[in-house]
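S.K.: I would like the atomic coordinates for the input below:
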Amino acid sequence: MSADPVIDQLEALRVAHELMPCDPALADTARFCEAYDIDPADSANTIVVVGKSTPRVYVACVLLATTRLDVNGVVRKKLGIRRTSFASAEETAEITGMIMGGVTPFGLPPVLPVWVDALVMTRERIVLGGGTRDRKVVAAPAALTRLEAVEVVEGLAGPFPAA
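M.R.: Numbers count the residues shown, from 1 in each chain. Sure thing, here's the model as predicted:
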């Protein structure tokens, strides 16, 4: 064990992957894709959503950078909660142990469900956060299905509204 939950889980699940170094200042998706010549359709974001109930309920959602999470529709209904929102940077760090720009579905606490938008599964490869802002994980989307708490959800994310 390396004391790095992301690497440990990738190795334990025997996920074929590549670690891609990243300038931490360029870790946010749009800047990363531009700087490293990555197609945003191959970049997948992991976003933590909170259901505002008592107790609070959290879920990690994985979606392509070219799509928008349906937090007030699909996510809210699937959680069975009236009010949902994106978790704050502080909540995200507290729940995942990772900071925004590095959040990945690998190495998350086992009690945190992971929902993957079905469109992610259509890509040949995806670039995910690496657990820190100084690296990314490149893997086939099928690697996500090795996670115990994962569910592929049709319509979890959709196109951005026309400008």
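S.K.: and Cys33, what does it touch?
M.R.: Asp39, Pro40, Ser43, Ala65 (CB atoms under 8 Å, 6 or more residues apart in numbering). Where you see a C-beta, it was placed from the backbone N, CA and C, and this is true even at glycine.
S.K.: isn't the last one right next to Ala41, touching?
M.R.: Yes - counting by CB atoms under 8 Å, Ala65 does reach Ala41; the two are 7.4 Å apart.
S.K.: export the contacts of Cys33 to CSV and tack on secondary structure?
M.R.: Formatted as CSV, the contacts of Cys33 follow (DSSP: H, G, I helix; E, B strand; the rest coil):
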residue, secondary structure
Asp39, coil
Pro40, helix
Ser43, strand
Ala65, coil
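S.K.: Need those residues in a markdown table (columns: neighbour count, pLDDT and distance to Gly129).
M.R.: Formatted as a markdown table, the contacts of Cys33 follow (neighbours: other CB atoms under 10 Å; pLDDT from 0 to 100; distance: CB to CB, whole Å):
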| residue | neighbour count | pLDDT | distance to Gly129 |
| --- | --- | --- | --- |
| Asp39 | 12 | 97 | 17 |
| Pro40 | 17 | 96 | 14 |
| Ser43 | 21 | 97 | 10 |
| Ala65 | 20 | 96 | 11 |
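S.K.: what's the helix or strand for the residue nearest the centre of the chain?
M.R.: Geometric centre of the chain, nearest residue: Thr46, 1.7 Å, by CA atoms, centre = their mean. Per DSSP states H and E: Thr46 is located in strand 44-51.
S.K.: centre of the chain versus that strand, how much separation?
M.R.: 6 Å (CA atoms, centre = their mean, to the nearest Å).
S.K.: ok, it: who's next to it in the sheet?
M.R.: Applying DSSP bridges, strand 44-51 is found paired with strand 57-64 (antiparallel), strand 84-86 (antiparallel).
S.K.: These: which one's closest to Trp115?
M.R.: Of all the strands paired with strand 44-51, it is strand 57-64 that lies closest to Trp115, at 5.0 Å by CB to CB.
S.K.: hmm, back to that, quick one: which of the contacts of Cys33 is nearest to Phe32?
M.R.: Ser43 (7.1 Å).
S.K.: Find the residue closest to that closest one in space, skipping its chain neighbours.
M.R.: Spatial nearest neighbour of Ser43, excluding adjacent residues (CB to CB, 6 or more residues apart in numbering): Ala65 at 4.1 Å.
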